[in-house]
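In: Structure for the following, please:
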Amino acid sequence: MPSAGPDYFGAGIGRELERSAQVFQNIQDGYDAAEGAKLIGEGTAGLDGVLMDAKTKISDPEEYKSFTDSKIADVYGATLEKAPNERVRRAVEAKLADNKGVAEKQAQFGYFEKKRDVARGDMDIAFDQMSKAAAAAPDEQTRNSTYRTFAGLLGTMKASNYLTSEQVAEKSLQFDKSVLTARANALMKGDANAFLAAADAGEFDRLGGDVVLKFREGARLKLEQDERRTDAATRKIKEASEQDWYSRLAQDQLTDSEIETAIKGEHPYITPQKAIEFKNKKESGTALIGGDSTGVKAIMEEYYSGPSSFKRISQARAALQAFRSGSNSSNPLVSKAFNELQADERQMIGIGMSQANFATAQTNQAITAAKESYEGNVPATGIPFLDKLRTQNKAKVGEAVRRGQDPTPLIKGNADRQKARIDAIPPQRTKVLDLAK
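Out: Okay, the predicted model is just below:
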């Protein structure tokens with residue numbers, strides 16, 4: 001058995017110190033690795049935060065680039081300065097440099113996206129302005145020039161990789177449709193007949209058959225509305241003109257030349273037949289103001305010569321008022337005539353009210369019959385757009401009856417138009433619609 005001398009104990013202490021040193025080194029290595037991993041995580045998160053802030057908070061491309069360039073460098077440098085020793089710093093730098101490179105590439109792509117977004121936004125503004133300009137162009141040459149300018153803009157966007165070839169084609173089609181739609185709406189608002197003429201010439205064919213068909217229907221409705229408004233205004237003016245002639249005839253102020261002009265058909269509101277009536281009245285002295293009793297009698301005889309109506313009452317009342325204003329003395333016959341006209345007016349109002357319910361019932365029956373006739377002559381098609389029109393026009397048939405109009409022409413017209421629309425649908429689409437039923 002060897003003796004336990006000094007050398008033995010010295011060797012044991014040395015080995016123990018070596019083991020302790022290794023343990024300490026392992027602890028240090030673990031600490032350095034943990035610190036390094038922590039700093040790499042913090043730095044990577046900081047780089048991601050810079051990119052996210054720039055993406056969500058900055059829209060200007062140059063501001064975006066300046067922000068990301070400086071902040072990425074700041075985060076990278078600040079992270080390295082946190083390293084507790086050179087060994088950790090080198091380890092963090094080796095890994096974080098790669099992440100910094102990735103962040104810089106992402107920032108470059110983000111810069112391109114910002115420039116692309118700005119360019120697309122500018123293009124959308126140009127799209128709106130140029131499509132309106134093209135639609136309002138006074139001639140085809142100016143309109144085509146605007147089309148070429150927009151095409152050049154799309155070419156620049158494609159060359160800069162801001163738009164793909166497919167997006168350029170789509171934008172071109174949208175621009176054309178926007179111009180055509182704006183032109184159609186402008187013509188419809190100003191002159192529906194001008195729109196129909198342009199549509200007949202094929203100027204709106206690129207919008208598609210269904211769209212043009214809707215515009216045509218809108219033009220037809222506008223023309224009908226304009227015609228009704230014009231007719232109503234003309235009737236009012238015509239009635240006012242006749243009323244004026246009655247008053248002037250009663251005061252012997254209606255001239256022969258005016259009457260002759262109207263007989264020739266040159267008066268816009270007094271028909272030749274009506275002018276002949278006024279001529280006969282003037283030549284016979286009917287409705288002229290004579291003596292205190294003769295004038296009143298002439299006015300009332302004219303009133304008695306036809307059936308009672310609100311219009312005839314109004315005309316007689318106007319003639320009496322003219323007579324009274326031209327007379328130098330009061331005449332009890334005038335008051336008596338006024339009272340008689342008022343009594344007739346009240347009686348007519350009373351009769352009208354008592355007949356109102358019966359008339360309403362008759363009208364409702366006529367509306368029901370007209371709608372049934374419409375449904376039989378204009379059957380449902382199964383095509384959504386046409387069936388929607390069918391429902392709308394059915395309501396118009398009822399309104400026509402309520403206005404006292406004969407619904408037969410309206411029903412026939414709708415039936416003919418529906419047939420024409422169905423015949424105009426291409427065979428391929430007809431097959432698709434049949435399969436969809």
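In: What are the boundaries of the strands in the stretch 251-400 of the chain?
Out: For the stretch 251-400 of the chain, applying DSSP state E, counting those that start in this stretch gives no strands.
In: could I have stretch 409-424 exported to PDB, CA atoms only?
Out: The C-alpha trace of stretch 409-424 is given here as PDB (Å, rounded to 0.1, in the frame of the first residue of the first chain):
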ATOM      1  CA  PRO A 409    -101.800  49.700 -76.300                       C
ATOM      2  CA  LEU A 410     -99.600  49.600 -73.200                       C
ATOM      3  CA  ILE A 411    -100.200  45.900 -72.800                       C
ATOM      4  CA  LYS A 412     -99.500  45.200 -76.400                       C
ATOM      5  CA  GLY A 413     -96.400  47.400 -76.400                       C
ATOM      6  CA  ASN A 414     -95.000  45.500 -73.400                       C
ATOM      7  CA  ALA A 415     -95.700  42.100 -75.000                       C
ATOM      8  CA  ASP A 416     -93.900  43.100 -78.200                       C
ATOM      9  CA  ARG A 417     -90.900  44.500 -76.300                       C
ATOM     10  CA  GLN A 418     -90.600  41.400 -74.200                       C
ATOM     11  CA  LYS A 419     -90.700  39.200 -77.300                       C
ATOM     12  CA  ALA A 420     -88.000  41.400 -78.900                       C
ATOM     13  CA  ARG A 421     -85.800  41.200 -75.900                       C
ATOM     14  CA  ILE A 422     -86.100  37.400 -75.700                       C
ATOM     15  CA  ASP A 423     -85.300  37.100 -79.400                       C
ATOM     16  CA  ALA A 424     -82.300  39.300 -79.000                       C
END
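In: buried residues in that stretch?
Out: 410-411, 414-415, 417-418, 421 (16 or more other C-beta atoms under 10 Å). No exception for glycine: its C-beta is placed from N, CA and C like everyone else's.
In: Dead centre of the protein: give me the residue that sits there.
Out: N185 (9.2 Å; C-alpha atoms, centre = their mean).
In: Flag the shaky bits of the stretch 201-350 of the chain, pLDDT-wise.
Out: For the stretch 201-350 of the chain, the stretches with pLDDT under 70 are 251, 285-295, 326-331.
In: Could you list the domains of this structure?
Out: For the chain, automatic domain parsing gives the domain ranges 6-117, 227-330.
In: CSV for those domains, including distance to R390 and mean neighbour count?
Out: Output for these, formatted as CSV (distance: least, C-beta to C-beta, whole Å; neighbours: other C-beta atoms under 10 Å):
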stretch, distance to R390, mean neighbour count
domain 6-117, 47, 15
domain 227-330, 22, 15
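In: So which of these is nearest K177?
Out: Closest of the domains of the chain to K177 is domain 6-117, at 24.3 Å (criterion: C-beta to C-beta).
In: circling back to that earlier point, Serialize the domains of the chain to TSV and add fields for distance to A135.
Out: As requested, these are exported to TSV (distance: least, C-beta to C-beta, whole Å):
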stretch	distance to A135
domain 6-117	27
domain 227-330	27
